[in-house]
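Peer 1: Sequence first, predicted coordinates after that:
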Amino acid sequence: MRVILSLLLSVVGFIPTIALASEPPVLLILGDSLSAGYGMDREKSWVNLLDIRFKEYGYSYRILNSSISGDTTQGGLSRIPRLLDRYQPEIVIIELGANDGLRGIDPSITRENMTDMIRQSQAVGAQVLLAGIKLPPNYGSAYLQQFESIYPDLAKEFDTLLVPFFMDGVAFRPDLLQADTIHPNEKGQPVLLDNVWKVLQPALAR
């Protein structure tokens with residue numbers, strides 16, 4: 001009887017482990033309107049297209065899109081501790097900073113916020129991908145240099161993945177932008193996906 005009871009307890013004890021092992025790893029996206037599907041059906045956004053591509057290529061990641069239109073790096077920094085603690089993501093894509101730049105926030109503040117988000121993500125074992133942002137030339141060369149250097153500098157310092165310019169191939173293309181000439185339209189979403197995919201895919205585990 002004791003042997004049977006011991007075996008039953010052993011089996012019960014393994015149930016949570018089996019359940020956890022069957023859950024797909026989480027890919028967390030911390031972004032702004034460029035990843036929140038602003039101005040369109042979210043099913044057409046690059047994030048949803050990424051989920052479709054995962055399925056096509058046989059990857060089992062669960063995408064958690066925590067992107068908010070208008071968000072800044074300060075907003076992302078305030079939200080990321082809870083997200084990391086709750087979901088324990090394997091990969092974190094940080095697509096933030098555009099609104100910092102457009103609002104003229106001191107680049108040193110943006111850099112500090114990004115640094116903290118990277119450190120917190122890596123502390124839970126997550127691989128980080130930075131989606132680089134560039135600003136219009138009217139912000140002045142000094143500000144642009146300070147702001148745009150944040151992404152490659154931090155990618156090198158913390159050994160993260162880097163998409164040098166998230167909007168590459170979409171910015172300044174009226175046919176791929178919404179009427180505001182800032183946000184990509186539905187035609188621009190596959191381009192954004194490809195920009196991320198070519199950097200992300202080599203880091204993925206099946």
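Peer 2: Looks like it arrived, so ask away. Numbering: from 1, shown residues only.
Peer 1: Gln120 - how many residues pack around it?
Peer 2: For Gln120, the neighbour count with other C-beta atoms under 10 Å is 18. C-beta here means a position set from N, CA and C on the backbone, and glycine is covered the same way.
Peer 1: Past the worst-scoring helix or strand of the chain on mean pLDDT, which element shows up next along the chain?
Peer 2: Here the helix or strand of the chain ranked lowest by mean pLDDT, DSSP states H and E is helix 2-22, holding a mean of 45. The helix or strand immediately downstream of helix 2-22 is strand 26-31, counting by DSSP states H and E.
Peer 1: That next one packs against which elements?
Peer 2: Strand 26-31 is packed against strand 62-65, helix 73-87, strand 91-95, with contacts defined by 3 or more C-beta pairs under 8 Å, 6 or more residues apart in numbering; DSSP states H and E.
Peer 1: Pick the most buried one from those.
Peer 2: With neighbours defined by mean count of other C-beta atoms under 10 Å, none of the helices and strands packed on strand 26-31 is more surrounded on average than strand 91-95, at a mean of 26.
Peer 1: burial count for Ala131?
Peer 2: The tally of other residues near Ala131 (other C-beta under 10 Å) stands at 27.
Peer 1: what do you get for Leu49?
Peer 2: Residue crowding around Leu49 was assessed by other C-beta under 10 Å; the count is 18.
Peer 1: ok, and the closest non-adjacent residue to it?
Peer 2: Leu193 (4.7 Å; C-beta to C-beta, 6 or more residues apart in numbering).
Peer 1: cool, and Thr73?
Peer 2: Asn113 (3.7 Å).
Peer 1: Point out the one among the helices and strands packed on strand 26-31 that comes closest to Gln146.
Peer 2: helix 73-87 (14.2 Å; C-beta to C-beta).
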